[in-house]
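> below are the sequence and a predicted model for it; my questions follow.
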Amino acid sequence: MQPVKIAVIGGSGLYNLEGLEFIAEVNPKTPWGHPSDAITIAKTEYGLYVAFLARHGRGHYLTPSEVPARANIAALKSIGVEVIIAYSAVGSLREELKPRDFVLPTQILDRTKGIRPSTFFEDGLVAHAMFADPFSEAVENVIWEQRGVIEGGDFHRKKTLICMEGPQFSTRAESHMYRSFGGDLINMSVLPEAKLAREAEIAYQMICMSTDYDCWKDHEEAVTVEAVVANLKANTSNAQRLLKAILPGVQAIVENGTAVEGLKGSMRFACMTAPEKRSKEAVEKLEYLLPGYYTV
Ligand SMILES: CSC[C@H]1O[C@H](OP(=O)(O)O)[C@H](O)[C@@H]1O
Ligand SMILES: Nc1ncnc2[nH]cnc12
(Lines give C-alpha, C1' and ligand atoms only; values in the text may rest on other atoms or scores of the structure.)
(Ligands and ions follow the chains in the order given, each with its own letter.)
Protein backbone atom coordinates (compact mmCIF):
# COMPACT_ATOMS: atom_id res chain seq x y z
CA MET A 1 0.00 0.00 0.00
CA GLN A 2 1.20 3.56 -0.71
CA PRO A 3 2.25 5.62 2.37
CA VAL A 4 -0.68 7.41 3.95
CA LYS A 5 0.64 10.94 4.51
CA ILE A 6 -2.50 12.66 5.83
CA ALA A 7 -4.43 11.62 8.92
CA VAL A 8 -7.57 12.90 10.58
CA ILE A 9 -8.16 12.42 14.30
CA GLY A 10 -11.85 12.65 15.09
CA GLY A 11 -12.97 13.76 18.52
CA SER A 12 -16.33 13.79 20.30
CA GLY A 13 -19.09 13.29 17.74
CA LEU A 14 -16.77 12.53 14.81
CA TYR A 15 -16.17 8.80 14.66
CA ASN A 16 -15.75 8.18 10.91
CA LEU A 17 -15.11 9.87 7.57
CA GLU A 18 -17.98 10.16 5.16
CA GLY A 19 -17.96 10.01 1.38
CA LEU A 20 -14.59 8.30 0.96
CA GLU A 21 -13.88 4.87 -0.48
CA PHE A 22 -12.87 2.35 2.18
CA ILE A 23 -9.46 0.78 1.50
CA ALA A 24 -8.31 -0.97 4.67
CA GLU A 25 -8.27 -1.05 8.44
CA VAL A 26 -4.99 -1.35 10.38
CA ASN A 27 -4.29 -1.64 14.09
CA PRO A 28 -0.51 -1.48 14.56
CA LYS A 29 1.04 -2.65 17.83
CA THR A 30 3.51 0.09 18.70
CA PRO A 31 6.10 0.07 21.53
CA TRP A 32 3.51 2.22 23.37
CA GLY A 33 0.62 -0.19 22.80
CA HIS A 34 -2.31 -0.14 20.38
CA PRO A 35 -4.06 3.06 19.23
CA SER A 36 -7.49 4.11 20.53
CA ASP A 37 -9.16 2.00 17.82
CA ALA A 38 -8.33 0.53 14.43
CA ILE A 39 -7.20 3.14 11.90
CA THR A 40 -9.34 3.35 8.77
CA ILE A 41 -7.61 4.09 5.48
CA ALA A 42 -9.80 5.59 2.78
CA LYS A 43 -9.32 7.03 -0.70
CA THR A 44 -10.54 10.41 -1.90
CA GLU A 45 -11.98 11.02 -5.36
CA TYR A 46 -8.52 12.25 -6.47
CA GLY A 47 -6.90 8.97 -5.39
CA LEU A 48 -5.38 10.38 -2.21
CA TYR A 49 -5.13 8.02 0.79
CA VAL A 50 -6.27 9.42 4.14
CA ALA A 51 -6.15 7.75 7.57
CA PHE A 52 -8.84 8.24 10.19
CA LEU A 53 -8.57 7.53 13.92
CA ALA A 54 -11.32 8.06 16.51
CA ARG A 55 -9.57 9.64 19.52
CA HIS A 56 -11.91 8.15 22.12
CA GLY A 57 -12.56 4.99 20.06
CA ARG A 58 -15.68 4.41 17.94
CA GLY A 59 -18.44 4.35 20.53
CA HIS A 60 -16.48 6.76 22.77
CA TYR A 61 -15.13 4.48 25.52
CA LEU A 62 -11.86 6.31 26.42
CA THR A 63 -11.83 9.34 28.72
CA PRO A 64 -9.57 12.22 27.65
CA SER A 65 -7.03 11.06 30.27
CA GLU A 66 -7.16 7.45 29.01
CA VAL A 67 -6.57 8.20 25.30
CA PRO A 68 -3.35 6.30 24.39
CA ALA A 69 -1.88 9.37 22.69
CA ARG A 70 1.63 7.92 22.29
CA ALA A 71 0.29 4.80 20.57
CA ASN A 72 -2.00 6.94 18.40
CA ILE A 73 0.79 9.18 17.15
CA ALA A 74 3.31 6.33 16.79
CA ALA A 75 0.78 4.21 14.86
CA LEU A 76 0.02 7.09 12.47
CA LYS A 77 3.73 7.74 11.98
CA SER A 78 4.30 4.05 11.21
CA ILE A 79 1.96 4.18 8.21
CA GLY A 80 3.71 7.26 6.79
CA VAL A 81 1.66 10.15 8.19
CA GLU A 82 3.23 13.63 7.85
CA VAL A 83 0.17 15.80 8.60
CA ILE A 84 -2.53 15.39 11.26
CA ILE A 85 -5.77 17.32 11.15
CA ALA A 86 -7.29 16.92 14.60
CA TYR A 87 -10.91 17.80 15.30
CA SER A 88 -12.09 18.75 18.78
CA ALA A 89 -15.32 19.83 20.44
CA VAL A 90 -14.47 22.82 22.63
CA GLY A 91 -16.04 25.22 25.07
CA SER A 92 -15.88 28.94 24.29
CA LEU A 93 -14.46 31.41 26.79
CA ARG A 94 -15.32 34.44 24.62
CA GLU A 95 -18.66 35.97 23.67
CA GLU A 96 -17.66 36.29 19.99
CA LEU A 97 -16.77 32.59 19.66
CA LYS A 98 -20.33 31.30 19.50
CA PRO A 99 -21.48 27.70 19.77
CA ARG A 100 -21.28 26.14 16.26
CA ASP A 101 -18.40 28.44 15.25
CA PHE A 102 -15.15 26.88 14.00
CA VAL A 103 -11.83 28.11 15.41
CA LEU A 104 -8.17 27.49 14.55
CA PRO A 105 -6.07 27.85 17.71
CA THR A 106 -2.49 29.12 17.53
CA GLN A 107 -1.48 28.69 21.18
CA ILE A 108 -2.11 26.29 24.09
CA LEU A 109 -2.19 26.70 27.87
CA ASP A 110 -1.57 23.43 29.69
CA ARG A 111 -3.92 22.74 32.60
CA THR A 112 -3.61 18.94 32.51
CA LYS A 113 -2.47 17.32 35.74
CA GLY A 114 0.64 15.44 34.67
CA ILE A 115 -1.08 12.04 34.65
CA ARG A 116 -0.93 11.57 30.86
CA PRO A 117 2.32 10.20 29.44
CA SER A 118 3.39 13.17 27.32
CA THR A 119 6.73 12.31 25.73
CA PHE A 120 8.40 9.54 23.73
CA PHE A 121 11.72 10.50 25.31
CA GLU A 122 12.27 8.91 28.73
CA ASP A 123 14.08 6.08 30.52
CA GLY A 124 17.56 6.90 29.29
CA LEU A 125 17.04 8.97 26.15
CA VAL A 126 16.49 12.69 26.67
CA ALA A 127 15.38 15.10 23.95
CA HIS A 128 13.69 18.50 24.04
CA ALA A 129 11.39 19.40 21.16
CA MET A 130 10.64 23.03 20.30
CA PHE A 131 7.01 23.81 21.12
CA ALA A 132 6.76 27.62 21.08
CA ASP A 133 4.37 27.40 18.13
CA PRO A 134 2.49 24.16 18.73
CA PHE A 135 0.45 24.12 15.51
CA SER A 136 1.37 24.00 11.84
CA GLU A 137 1.17 27.39 10.13
CA ALA A 138 1.21 25.77 6.69
CA VAL A 139 -1.78 23.53 7.48
CA GLU A 140 -3.57 26.37 9.27
CA ASN A 141 -3.30 28.56 6.16
CA VAL A 142 -4.77 25.84 3.94
CA ILE A 143 -7.74 25.41 6.31
CA TRP A 144 -8.31 29.15 6.64
CA GLU A 145 -8.54 29.48 2.83
CA GLN A 146 -11.54 27.13 2.90
CA ARG A 147 -13.37 28.88 5.78
CA GLY A 148 -16.27 29.76 3.46
CA VAL A 149 -17.61 26.20 3.43
CA ILE A 150 -18.88 26.37 7.02
CA GLU A 151 -22.64 26.87 7.24
CA GLY A 152 -24.54 28.39 10.17
CA GLY A 153 -21.47 29.59 12.05
CA ASP A 154 -18.41 31.84 11.74
CA PHE A 155 -14.77 30.87 11.40
CA HIS A 156 -12.01 32.36 13.59
CA ARG A 157 -8.25 31.95 13.82
CA LYS A 158 -5.29 32.79 16.08
CA LYS A 159 -6.89 31.87 19.43
CA THR A 160 -5.54 30.34 22.64
CA LEU A 161 -6.79 26.92 23.71
CA ILE A 162 -6.78 25.81 27.35
CA CYS A 163 -6.36 22.05 27.83
CA MET A 164 -7.80 20.80 31.14
CA GLU A 165 -7.69 17.29 32.56
CA GLY A 166 -11.39 16.57 33.05
CA PRO A 167 -13.41 14.47 32.71
CA GLN A 168 -15.57 16.81 34.85
CA PHE A 169 -16.14 20.27 33.39
CA SER A 170 -14.65 23.36 35.11
CA THR A 171 -16.03 25.30 38.05
CA ARG A 172 -17.23 28.84 37.39
CA ALA A 173 -14.18 30.21 39.25
CA GLU A 174 -11.85 28.18 37.01
CA SER A 175 -13.67 29.31 33.90
CA HIS A 176 -13.19 32.97 34.93
CA MET A 177 -9.55 32.27 35.75
CA TYR A 178 -8.94 30.78 32.29
CA ARG A 179 -10.42 33.90 30.73
CA SER A 180 -8.10 36.07 32.83
CA PHE A 181 -5.16 33.90 31.63
CA GLY A 182 -6.00 34.86 28.04
CA GLY A 183 -7.72 31.58 27.15
CA ASP A 184 -10.28 31.75 24.33
CA LEU A 185 -11.31 28.07 24.14
CA ILE A 186 -11.20 25.02 26.36
CA ASN A 187 -10.98 21.29 25.73
CA MET A 188 -9.52 18.13 27.29
CA SER A 189 -7.70 16.75 24.25
CA VAL A 190 -5.05 18.85 22.59
CA LEU A 191 -2.36 17.72 25.02
CA PRO A 192 -0.33 15.59 24.90
CA GLU A 193 -1.48 14.87 21.33
CA ALA A 194 0.10 18.06 19.89
CA LYS A 195 3.36 17.56 21.84
CA LEU A 196 3.72 13.97 20.69
CA ALA A 197 3.01 14.91 17.07
CA ARG A 198 5.83 17.46 17.33
CA GLU A 199 8.21 14.83 18.75
CA ALA A 200 7.23 12.55 15.86
CA GLU A 201 7.97 15.39 13.39
CA ILE A 202 4.35 15.37 12.18
CA ALA A 203 2.70 18.70 11.21
CA TYR A 204 -0.35 19.08 13.47
CA GLN A 205 -3.31 21.44 13.38
CA MET A 206 -6.41 21.24 15.52
CA ILE A 207 -9.79 22.41 14.22
CA CYS A 208 -11.92 23.44 17.20
CA MET A 209 -15.70 23.26 16.94
CA SER A 210 -17.37 25.34 19.60
CA THR A 211 -20.24 23.64 21.41
CA ASP A 212 -20.92 25.77 24.54
CA TYR A 213 -19.94 28.79 26.64
CA ASP A 214 -18.49 26.62 29.43
CA CYS A 215 -19.68 28.24 32.70
CA TRP A 216 -18.21 31.76 32.87
CA LYS A 217 -21.58 33.43 32.17
CA ASP A 218 -22.65 33.72 35.79
CA HIS A 219 -26.39 33.90 35.25
CA GLU A 220 -26.62 31.31 32.50
CA GLU A 221 -26.80 27.55 32.64
CA ALA A 222 -23.40 25.85 32.79
CA VAL A 223 -22.21 23.43 30.12
CA THR A 224 -23.74 19.95 30.08
CA VAL A 225 -23.07 16.95 27.83
CA GLU A 226 -26.62 17.34 26.50
CA ALA A 227 -25.88 20.87 25.25
CA VAL A 228 -22.52 19.80 23.82
CA VAL A 229 -24.07 16.88 21.92
CA ALA A 230 -26.84 19.04 20.41
CA ASN A 231 -24.28 21.42 18.89
CA LEU A 232 -21.91 18.60 17.99
CA LYS A 233 -24.51 17.14 15.65
CA ALA A 234 -24.68 20.44 13.76
CA ASN A 235 -20.89 20.75 13.73
CA THR A 236 -20.30 17.27 12.34
CA SER A 237 -21.68 17.98 8.86
CA ASN A 238 -19.56 21.16 8.68
CA ALA A 239 -16.53 19.12 9.79
CA GLN A 240 -17.03 16.58 6.99
CA ARG A 241 -17.57 19.34 4.38
CA LEU A 242 -14.52 21.26 5.56
CA LEU A 243 -12.35 18.18 5.38
CA LYS A 244 -13.36 17.50 1.79
CA ALA A 245 -12.55 21.11 0.90
CA ILE A 246 -9.10 21.20 2.51
CA LEU A 247 -7.69 17.84 1.38
CA PRO A 248 -6.40 19.04 -2.03
CA GLY A 249 -4.56 21.96 -0.38
CA VAL A 250 -3.13 19.72 2.33
CA GLN A 251 -2.00 17.27 -0.35
CA ALA A 252 -0.24 20.13 -2.17
CA ILE A 253 1.78 21.17 0.90
CA VAL A 254 2.66 17.54 1.58
CA GLU A 255 3.87 17.09 -1.99
CA ASN A 256 5.92 20.30 -2.11
CA GLY A 257 7.42 19.63 1.34
CA THR A 258 6.21 22.81 3.07
CA ALA A 259 4.06 20.81 5.51
CA VAL A 260 7.10 19.34 7.26
CA GLU A 261 9.52 22.22 6.64
CA GLY A 262 11.43 22.86 9.86
CA LEU A 263 10.12 19.60 11.36
CA LYS A 264 11.84 16.90 9.31
CA GLY A 265 15.12 16.01 10.98
CA SER A 266 14.56 18.39 13.92
CA MET A 267 14.46 15.65 16.58
CA ARG A 268 17.85 14.30 15.52
CA PHE A 269 19.45 17.41 17.01
CA ALA A 270 17.08 17.74 19.98
CA CYS A 271 18.72 14.80 21.78
CA MET A 272 20.86 15.60 24.85
CA THR A 273 21.99 12.13 25.84
CA ALA A 274 25.56 11.16 24.99
CA PRO A 275 25.64 8.20 22.57
CA GLU A 276 27.39 5.93 25.13
CA LYS A 277 24.80 6.81 27.82
CA ARG A 278 21.67 6.08 25.77
CA SER A 279 19.65 3.17 27.13
CA LYS A 280 19.45 0.31 24.63
CA GLU A 281 15.72 -0.22 25.34
CA ALA A 282 14.88 3.45 24.83
CA VAL A 283 16.84 3.58 21.56
CA GLU A 284 15.04 0.43 20.36
CA LYS A 285 11.62 1.96 21.08
CA LEU A 286 12.55 5.21 19.35
CA GLU A 287 13.63 3.22 16.27
CA TYR A 288 9.92 2.66 15.62
CA LEU A 289 9.22 6.39 15.59
CA LEU A 290 12.37 7.99 14.19
CA PRO A 291 14.39 5.21 12.57
CA GLY A 292 18.16 5.71 12.52
CA TYR A 293 18.14 8.88 14.66
CA TYR A 294 19.61 7.58 17.90
CA THR A 295 21.42 4.35 17.09
CA VAL A 296 25.18 4.49 17.50
C1 LIG B 1 -18.14 15.80 25.17
S2 LIG B 1 -17.64 17.20 26.03
C3 LIG B 1 -15.95 17.03 26.55
C4 LIG B 1 -15.04 16.27 25.62
O5 LIG B 1 -15.26 16.75 24.30
C6 LIG B 1 -14.00 17.11 23.74
O7 LIG B 1 -13.49 15.93 23.12
P8 LIG B 1 -12.64 15.98 21.77
O9 LIG B 1 -11.55 17.00 21.99
O10 LIG B 1 -12.09 14.63 21.59
O11 LIG B 1 -13.60 16.40 20.69
C12 LIG B 1 -13.21 17.56 24.94
O13 LIG B 1 -11.82 17.66 24.69
C14 LIG B 1 -13.59 16.56 25.97
O15 LIG B 1 -12.82 15.38 25.84
N1 LIG C 1 -16.76 23.47 28.30
C2 LIG C 1 -15.89 22.54 27.94
N3 LIG C 1 -14.81 22.26 28.72
C4 LIG C 1 -13.91 21.32 28.33
N5 LIG C 1 -14.02 20.60 27.21
C6 LIG C 1 -15.07 20.84 26.41
N7 LIG C 1 -15.45 20.30 25.25
C8 LIG C 1 -16.58 20.90 24.85
N9 LIG C 1 -16.98 21.82 25.75
C10 LIG C 1 -16.05 21.80 26.74
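Perfect, I can see it now. Numbering: from 1, shown residues only. Ligands and ions are numbered 1, 2, ... in the order given.
> backbone dihedrals for Gly91, please?
phi -90, psi 150 (degrees, to the nearest 10).
> distance check, the nearest residue to it once chain neighbours are set aside against Arg157.
Of all residues not flanking Gly91 in the chain, Asp214 sits nearest, at 3.7 Å (Cβ to Cβ, 6 or more residues apart in numbering). Just so you know, the C-beta spots here come from the backbone N, C-alpha and C atoms, and that holds for glycine as well. To Arg157, Asp214 is 20 Å away according to Cβ to Cβ, to the nearest Å.
> mind checking which of these two has more residues around it?
Asp214 (25 against 14; other Cβ atoms under 10 Å).
> name the SS class of the more buried one, please.
coil (DSSP: H, G, I helix; E, B strand; the rest coil).
> spell out which parts of the stretch 51-200 of the chain neighbour ligand 2.
89-91, 164, 169, 186-188 (Cβ under 6 Å from any ligand atom).
> try it again at 5 Å.
89, 91, 186-188 (Cβ under 5 Å from any ligand atom).
> circling back: surely the residue nearest to Gly91 and Thr224 touch.
No: under the criterion of Cβ atoms under 8 Å, Asp214 is not in contact with Thr224, lying 11.0 Å apart.
> what about the residue of the chain found nearest ligand 2, how many residues nearby?
When scored by Cβ to the nearest ligand atom, the chain has Gly91 as its residue closest to ligand 2, at 2.4 Å. Counted with other Cβ under 10 Å, the neighbours of Gly91 add up to 29.
> what do you get for Gly262?
Look at Gly262: counted by other Cβ under 10 Å, it has 14 neighbours.
> please apply the same query to Glu287.
There are 14 residues near Glu287, going by other Cβ under 10 Å.
> name the SS class of it, please.
helix.
> same question, Phe120
Classification of Phe120 by three-state DSSP places it in coil.
> one step back: turn the residues of the stretch 51-200 of the chain next to ligand 2 into CSV, including pLDDT.
Shown next, in CSV, are these (pLDDT from 0 to 100):
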residue, pLDDT
Ala89, 97
Gly91, 98
Ile186, 98
Asn187, 98
Met188, 98
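> tell me which stretches of the stretch 101-250 of the chain form strands.
Applying DSSP state E, counting those that start in this stretch to the stretch 101-250 of the chain gives strands spanning 102-111, 155-164, 185-187, 203-212.
> which of the three states applies to the one residue sitting closest to the centre of the chain?
Centroid-nearest residue in the chain, with Cα atoms, centre = their mean: Ala86, separated by 3.8 Å. Under three-state DSSP, the three-state class of Ala86 is strand.
> wouldn't it be in contact with Cys208 here?
No: look at Ala86 against Cys208 with Cβ under 8 Å: they stay out of range, at 9.4 Å.
> quickly note the distance from the residue of the chain found nearest ligand 1 to Pro64.
Distances between the chain and ligand 1 by Cβ to the nearest ligand atom are smallest at Gly11, namely 2.3 Å. Distance, Gly11 to Pro64, using Cβ to Cβ: 9 Å.
> shared neighbours, those two?
Listed as contacting both Gly11 and Pro64 by Cβ atoms under 8 Å, 6 or more residues apart in numbering are 56, 189.
> out of the two, which sits in the busier spot?
Gly11 (28 against 23).
> residues touching the nearest residue to the more buried one once chain neighbours are set aside, list them.
Leaving aside its sequence neighbours, Gly11 sits nearest to Ser88 (Cβ to Cβ, 6+ apart; 4.5 Å). Shown in contact with Ser88 (Cβ under 8 Å, 6+ apart): 11-12, 187, 189-190, 206-209.
> up against ligand 1, what does the stretch 1-150 of the chain have?
Going by Cβ under 5 Å from any ligand atom, the residues of the stretch 1-150 of the chain near ligand 1 are 11-12, 55, 64, 88-89.
> can you pull out the helices in the stretch 151-296 of the chain?
In the stretch 151-296 of the chain, the segments counted as helices under DSSP state H, counting those that start in this stretch are 172-181, 190-199, 225-255, 280-289.
> can you put those helices in TSV and add mean pLDDT and distance to ligand 1?
What follows is the helices of the stretch 151-296 of the chain, written out as TSV (pLDDT from 0 to 100; distance: least, Cβ to the nearest ligand atom, whole Å):
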stretch	mean pLDDT	distance to ligand 1
helix 172-181	98	14
helix 190-199	98	7
helix 225-255	93	4
helix 280-289	97	23
